[in-house]
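Asks: 3D, please:
(one chain, ligands or ions: 1)
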Amino acid sequence: MCGIFGYFGSKEALPFLIEGLKKLEYRGYDSAGVATLNNGRLFITKCVGKIAELEKELSARPIGGKAGIAHTRWATHGQPSDENSHPHSDCSGKIALVHNGIIENYLPLRRRLAEEGHKFKSTTDTEVLAHLIEKEFTKKGETLALEDAVKGALEQVEGSYALAVVYENQPDKIVCARKASPLVIGVQEGETFISSDIPALLKYTSQIIYLNDSEVATITEDGVKIETLKGKPVKNKITLVSWDPESAEKGGYTHFMLKEIHEQPKAIRDTIAGRIKVDESFIHFDELNFSVEEAKKINRVVFTACGTSWHAGLVGEYLIEQFVKIPAEVEYAAEFRYRHPIVDENTLVIAITQSGETADTLGAVWEAKAQGAKVISICNVIGSSIARESHGVIYTYAGPEIGVASTKAFTTQLTVIYLFALYLAKKRGTLSKMEAQKMISDLIALPDKIECLLLKENEVEAIAQRFYKSTNALFLGRGKGFPIALEGALKLKEISYIHAEGYPAAEMKHGPIALIDKNMPVIILALAGRRYDKIMGNIEEVKARGGMVIAVAAEGDQMITEKADAIISIPHTTEALSPILAVIPLQLLAYYIAVKRGCHVDQPRNLAKSVTVE
Ligand code: AGP
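Replies: Numbers count the residues shown, from 1 in each chain. Now for the predicted structure:
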């Protein structure tokens, strides 16, 4: 996704802009650019390629100034090119604008502007915004404040935006605005920062202002003025963010992804802290006000999410039906939002999202609310759009997840879903106090078990060494192992580019078995439980066709050692928590295979950390 960074203060802006873009690199991008205001003059430098290319341009032609905006572009409309890079400008070249999102009605707007004589330099949707702002000045005169010109332009726009604008004729300000795309403002004595996300600001300030949809912020030396698109003043609410700057750094690991895999024990401890007390089988979520009556009114749960978060929903489906004894289903957010889903005030819709900014999941939340459902979200970013749009939110406290491939966010999502299922079951009386105490104890013991499991990292690396040249892979699981098979396949494909598929193990004989040969590693979740014998049968079927089996199995499982070609054993835990343990070896396997294939693990090709466009 595109990244936006801005600086307004008493120091040279450029170093902050470059540093800010580097912190946003993980979002995925194909070009970068900056604009600064210096002694009443506007300077723009931008180019296709990585930030290093931009730095080369800037070292040849430095640009000064104490106010500036910057952008990393993840192409939506228009190929990656110098012309399509941001900042974009108007005909006069006096306006510079950076944008994240999609202007959905940009074509008719562009046509009308061109008929009125505006000349376009790019094929992007974004450039239309710069010309609309220019047109506001043409219509209403140069006495118009930049923020009012921006509001006038945005009134004509459909779609999503997070944007920042500077204007040579009004060099004492930066104007920014947002709708459905993330933008936060960091404030510090005498300095103001703008960013697409919080980690890029942590080095400078922990005082954050979250801009809401259809709000416009004007940044000057007097501070931050916020108003709605209609001009209604909005009171600044400064939130103190507790993330420490270190947590957004690599901490000595080769990649963010490996660091975040190893952070999972701490992430789970932080996520359960303050929410459980074993003795009273107590479970509590501060952010949720669920009375017993409300809990009893729910007759159905719908999880909605994308990607890895959707896999968490699949595990949740099993847990809700197992403990709460009501129907549960999982919907891809993009399908749910356009399908006119049948939900009502007795349906609990649970949106699962790490970033809290995924456009499709946000759209699903809006649709669920429009249909009258109660909506809660499970989210890792405090104050994010989806968290604020939901009736209630349960935060995962995984800390910033920088690697594009989600790991600690996923296992903390599963932790929250497990806890929430127990919480709801207790409210509805489908779980006894003793059962709850046992399950809470199992959860408290889980982080230590993950730490033991992570000590087997070298075993997993050795297996990766045997299989990293494969071109395909099949992941199989049953019950709660099936979503983990899907997640293992997603991890592998998104960072190593090996084609990998996840399947319910029972489905193998209905087609995928045709793929089995000695070149197709088959990763099987051979977890203990009532389906174990069936899984053993699947392993036999694979071996009978010359396939290679990598099994994830419980420690001490003797039978599996006679059947599988490679084994990663996981500690014993209650069956409902086994997905959290089982995914760890698959995260490590995908990581080491990708590293051995020389892939860019933290920023895989074509991918973005948060997909804030449809
Ligand atoms: C996970 O490894 C992927 N990067 C991706 O599928 C991600 O889970 C998906 O885009 C949803 O993101 P969200 O959790 O921030 O909504």
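Asks: What residues does the stretch 301-450 of the chain have near the ligand?
Replies: When proximity is defined by C-beta under 6 Å from any ligand atom, the stretch 301-450 of the chain lies next to the ligand at 306-309, 353-355, 358, 361, 404-406. Heads up, the C-betas are built off the backbone N, CA and C, glycines and all.
Asks: Let me have these in TSV, extended by neighbour count and distance to residue 147.
Replies: Below are those laid out as TSV (neighbours: other C-beta atoms under 10 Å; distance: C-beta to C-beta, whole Å):
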residue	neighbour count	distance to residue 147
306	21	34
307	23	37
308	22	39
309	25	36
353	34	31
354	28	33
355	25	28
358	28	29
361	31	31
404	21	35
405	27	39
406	27	37
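Asks: Let's have those in TSV, adding secondary structure and pLDDT.
Replies: Rendered in TSV, the data for those read as follows (DSSP: H, G, I helix; E, B strand; the rest coil; pLDDT from 0 to 100):
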residue	secondary structure	pLDDT
306	coil	97
307	helix	97
308	helix	98
309	helix	98
353	strand	97
354	coil	96
355	coil	92
358	coil	94
361	helix	97
404	coil	92
405	coil	96
406	coil	97
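Asks: May I ask which two of those are separated the most?
Replies: Among these, the pair separated by the greatest distance (C-beta to C-beta) is 361 and 405, at 17.9 Å.
Asks: Can you tell me how far the residue in the chain that the ligand sits nearest to is from residue 390?
Replies: At 1.8 Å from the ligand, residue 307 is the closest residue in the chain, using C-beta to the nearest ligand atom. When distance is defined by C-beta to C-beta, to the nearest Å, residue 307 is 19 Å away from residue 390.
Asks: next one: residue 433
Replies: Between residue 433 and residue 390 the distance, using C-beta to C-beta, works out to 30 Å.
Asks: which one of the two has more residues nearby?
Replies: Each of residue 433 and residue 390 has its neighbours counted (other C-beta atoms under 10 Å); residue 390 has more, 25 against 11.
Asks: pretty sure that one is in contact with residue 378, am I right?
Replies: No. In this structure, residue 390 sits apart from residue 378 without contact. The criterion is C-beta atoms under 8 Å, and the distance is 9.4 Å.
Asks: residues bridging contact with the two, i.e. touching both?
Replies: Listed contacts common to residue 390 and residue 378 are residue 351; contacts here mean C-beta atoms under 8 Å, 6 or more residues apart in numbering.
Asks: low pLDDT regions in the protein?
Replies: By pLDDT under 70, the low-scoring segments of the chain are 1, 27-28, 76, 246-248, 278, 280.
Asks: In space, what's closest to the residue most central in space within it - neighbours in sequence excluded?
Replies: Nearest to the geometric centre of the chain sits residue 355, at 3.5 Å (C-alpha atoms, centre = their mean). Leaving aside its chain neighbours, residue 355 sits nearest to residue 610 (3.7 Å; criterion: C-beta to C-beta, 6 or more residues apart in numbering).
Asks: so that neighbour touches residue 360, yeah?
Replies: No. With contact taken as C-beta under 8 Å, residue 610 and residue 360 are classed as non-touching, separated by 11.4 Å.
Asks: For residue 147, grab the count of nearby residues.
Replies: By other C-beta under 10 Å, 23 other residues sit near residue 147.
Asks: what's the answer for residue 266, then?
Replies: Residues contacting residue 266 under the criterion other C-beta under 10 Å number 17.
Asks: on that earlier part again, and the residue nearest to the centre of the chain, what does it touch?
Replies: Contacts of residue 355 were listed using C-beta under 8 Å, 6+ apart, and they are 182, 379-381, 384, 609-610, 612.
Asks: Extract the CA atoms of stretch 357-376 and return them as PDB.
Replies: Taking only C-alpha atoms (Å, rounded to 0.1, in the frame of the first residue of the first chain), the coordinates of stretch 357-376 have been written out as PDB:
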ATOM      1  CA  GLU A 357      -7.500  -0.600   7.600                       C
ATOM      2  CA  THR A 358      -8.300  -3.300   5.000                       C
ATOM      3  CA  ALA A 359     -10.700  -1.800   2.600                       C
ATOM      4  CA  ASP A 360     -12.800  -4.900   2.100                       C
ATOM      5  CA  THR A 361     -13.100  -5.600   5.800                       C
ATOM      6  CA  LEU A 362     -14.100  -2.000   6.500                       C
ATOM      7  CA  GLY A 363     -16.700  -2.300   3.700                       C
ATOM      8  CA  ALA A 364     -18.000  -5.500   5.400                       C
ATOM      9  CA  VAL A 365     -18.300  -3.700   8.700                       C
ATOM     10  CA  TRP A 366     -20.300  -1.000   7.100                       C
ATOM     11  CA  GLU A 367     -22.600  -3.500   5.400                       C
ATOM     12  CA  ALA A 368     -23.200  -5.500   8.600                       C
ATOM     13  CA  LYS A 369     -24.000  -2.300  10.500                       C
ATOM     14  CA  ALA A 370     -26.400  -1.200   7.700                       C
ATOM     15  CA  GLN A 371     -28.200  -4.600   8.100                       C
ATOM     16  CA  GLY A 372     -28.600  -4.100  11.800                       C
ATOM     17  CA  ALA A 373     -26.100  -6.600  13.100                       C
ATOM     18  CA  LYS A 374     -24.000  -6.000  16.200                       C
ATOM     19  CA  VAL A 375     -20.400  -5.700  15.000                       C
ATOM     20  CA  ILE A 376     -17.200  -6.200  17.000                       C
END
